[in-house]
Structure formats: structure tokens, C-alpha cells
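Engineer: A predicted structure for the sequence below; I have some questions about it.
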Amino acid sequence: MRKEKYWYEQKELWHSSKPFLFSTDQWARAPAEVENVVNLLKIKKGASVLDLCCGVGRHSIELARHGFHVTGVDRTPDYLKEARRRAKKEGFDIQFVKDDMRHFRQVSFFDVVLNLFTSFGYFEHQEDDCRVVENVYTSLKKNGVFLVEVMGKEVLARIFQKRDWFERNGCIILEEREPIENWTYIKSRWIVLRGTTKKEFMVKIRLYSAVELIALLKNGGFKKFEVYGSLAGTPYDHTSKRLVVVARKR
């Protein structure tokens, strides 16, 4: 049995980072982000939508508000607990499932699968990313759509800063970044300061360029692709802040 867990398996990391990952500002952005997704994909009322890596449910709730049948999947129990509480308070019937995206699949069940907010590329081995794509493909109905939104390798290379800090919801976060293995990964050291408490974590995420992400999706069975520089559907060019790839199942 492994003594040390991979970074994404550390409960304390997700607990300590919750105040800045899901800050008041992030919640405030969710309605516009979901509105952009709905317009970009032209999602029809009553569609079945999977919010893969749903966190505390900020997108799931907005999707339900649009009249979709929503399932949210995440591996962090505390996040799901909050997501259920918020959904119940709003009066939405959302199915929240505790599972790992490498394992979750429901055959030909969803019209749309969304993976937002750089929730892709967490794993040590790329085979796991391939498994996620295969699960999504299997879970989509015919003509279903998969949208992935991450920090593209091209974007990060352009705006890269080795050190940075910011303050959110009473937390001060210091971040030190390092591209490793020829820009295969970005390795980040997070120092989280809250009152007199200091906690430190290491985060390692696999980076994808647009071409690399399309190749991965193509190997998973997808046939048709669109690439954007934001959820609003702007071009993926030298001004882009995000990488958004839309893959369609035939």
C-alpha cells in the first residue's frame, strides 16, 4: 500500500484550498459561464448534462436553473456535501455522485458532458486521461458533446509567471510554478496562509496544447472538434486566456 498519496488524493489540500477555489467571486461568475456554455453548445431544454468534477456544484446548480437534468460527479465528499446542501436550498433535484472520473460511466446516458475549471490532467499516467475520455465517450448518447476547459499550454507559456500571490475569502495564497519534463507538466507549490495557520501543498497538472488535447480525444473515439479561447466562443489565438475544446460523438 502506498504511504504517500498523489496530490489530488489529499483531503487537506481540497479543504484548505476551498476558500479560494470557490470564492464569492467564483460563485458570481458561474451564471455567465454556464450561459456561455449553453449558447456555445446550443443545449436544448431537458437535456441530460454531466458536470464532471463538479466540486461544490457552482456550475451544476446553474445548469439545473436552465432546466437541464444534471448529474454532478466528484471524488471529494465535503464538496459534494456542500453541493447537495446548496441544491436543496435552491429547490433543485440534482444527482451528486461520489466517484473518480477514471471509473464513472453511464452508458449512452448524457447529451452533454462538461469538464470545467482545469479539472483535467491530474494523473501521473496519461493512460488515466485516456480512460477518462473513453468513459465520457461511452457515457454520451449519439451526437453527444464533450466540452473541456483548461489552461492551454500555449496560453500558459505566454503569460507564465514563476511566482505570484493573491488574497481571497480571508486566505493569502502564495504560488510558485515550474514547468517540468519539457512542459509536459506544470508543478506548483501552494502556500496557504489563513490567520496564524500556514499550510503547504504541491500540485502537478499535465499540460495540453490544443493539438495534443484533440489527439487525445480523437484516440478516445471522438470525430469532430471545435477549439475556442474562452467559454464565450472567442478564437483560440495569441489573446486567449483559456483553452476550450468541444468534441462531438457521431
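Structural biologist: Looks like it arrived, so ask away.
Engineer: Figure out the length between the terminal residues of stretch 96-106.
Structural biologist: Stretch 96-106 has its terminal residues 14 Å apart, counting by C-alpha to C-alpha, to the nearest Å.
Engineer: so for it, what's the average pLDDT?
Structural biologist: Stretch 96-106 shows a mean pLDDT of 98.
Engineer: For it, which outside residues touch it?
Structural biologist: 52-54, 57, 60, 71-75, 77, 80, 83-84, 87, 115, 123, 128, 131-132, 135-136, 138-139 (C-beta atoms under 8 Å, 6 or more residues apart in numbering). C-beta coordinates here come from the backbone N, C-alpha and C atoms, glycine included.
Engineer: 7 Å - rerun?
Structural biologist: 52-53, 57, 71-75, 77, 80, 83-84, 128, 131-132, 135, 138-139 (C-beta atoms under 7 Å, 6 or more residues apart in numbering).
Engineer: What are the buried residues along that stretch?
Structural biologist: For stretch 96-106, the neighbour count (16 or more other C-beta atoms under 10 Å) marks Phe96, Asp100, Met101, Arg102, Phe104, Arg105 as buried.
Engineer: Okay, helices next: where are they in the chain?
Structural biologist: 11-21, 24-41, 58-65, 77-90, 126-139, 153-159, 210-219 (DSSP state H).
Engineer: buried stuff in the third one?
Structural biologist: Residues of helix 58-65 classed as buried under the neighbour-count rule (16+ other C-beta under 10 Å) are Arg58, His59, Ser60, Ile61, Glu62, Leu63, Ala64.
Engineer: Ok, the longest one next?
Structural biologist: Within helix 24-41, the residues that count as buried by 16+ other C-beta under 10 Å are Gln26, Ala30, Glu33, Val34, Asn36, Val37, Val38, Leu40, Leu41.
Engineer: residues contacting the fourth one?
Structural biologist: Right, the one you point to is Val34. Contacts of Val34 by C-beta under 7 Å, 6+ apart are His59, Glu62, Leu63, His66.
Engineer: one more time with 6 Å
Structural biologist: Going by C-beta atoms under 6 Å, 6 or more residues apart in numbering, Val34 touches His59, Glu62, Leu63.
Engineer: got a markdown table for the residues you listed, with pLDDT and distance to Lys218 too?
Structural biologist: Shown next, in a markdown table, are those (pLDDT from 0 to 100; distance: C-beta to C-beta, whole Å):
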| residue | pLDDT | distance to Lys218 |
| --- | --- | --- |
| His59 | 98 | 26 |
| Glu62 | 98 | 30 |
| Leu63 | 98 | 27 |
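Engineer: Can I get those residues in a markdown table including distance to Leu243?
Structural biologist: As requested, those are arranged in a markdown table below (distance: C-beta to C-beta, whole Å):
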| residue | distance to Leu243 |
| --- | --- |
| His59 | 18 |
| Glu62 | 22 |
| Leu63 | 21 |
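Engineer: which one of these sits closest to Trp165?
Structural biologist: Distance to Trp165, by C-beta to C-beta, is smallest for His59 among the contacts of Val34, at 26.6 Å.
Engineer: circling back to that earlier point, so for Glu226, which of the helices of the chain sits nearest?
Structural biologist: Here helix 24-41 is closest among these (C-beta to C-beta), at 8.6 Å.
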